[in-house]
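> Structure here, sequence nowhere to be found:
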């Protein structure tokens, strides 16, 4: 189901919508609108996102595996089923402690 339109109105399993790739971070945008995005990510063990900021709050839900999320210098450990809100304008980064999948929801208004 590569085309987003093929996702609409279908019952889908989040874990199956994005696969793992050795030594890589993979992303798949599910919804992209002016007011916000929903994106799935998979990270191979040791992969991550370097420290950055965003002008909007972002909701992260762990679908599989484990990750360390650092927000403004504070480390947070998430595992499958956990969630965290990364606040707007605070530096944050992620590093997969094991293979890891997440859904990222960012609302822009």
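Nice, thanks for sending it over. None of the values given here were measured: they were computed from a predicted structure.
> Now do stretch 79-99: everything it contacts.
Under the contact criterion Cβ atoms under 8 Å, 6 or more residues apart in numbering, stretch 79-99 has outside partners 20, 42-73, 76-78. Using the backbone N, CA and C atoms, a C-beta is placed for each residue, glycine as well.
> What's the PyMOL syntax to select whichever of those residues are buried?
Applying 16 or more other Cβ atoms under 10 Å to the contacts of stretch 79-99, the buried members can be selected in PyMOL as follows:
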select buried, resi 20+42+43+44+47+48+49+58+60+61+62+63+64+65+66+67+69+70+71+78
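> buried residues in the lowest-mean-pLDDT helix or strand in the chain?
Counting by mean pLDDT, DSSP states H and E, the chain has its least confident helix or strand at strand 25-33, which shows a mean of 93. By neighbour count on 16+ other Cβ under 10 Å, the buried set for strand 25-33 is 25, 28, 30.
> One more: stretch 79-99?
So for stretch 79-99, counting by 16+ other Cβ under 10 Å, buried means 84, 86, 92, 94-97, 99.
> Next: stretch 9-17.
Those would be residue 17, for stretch 9-17 by 16+ other Cβ under 10 Å.
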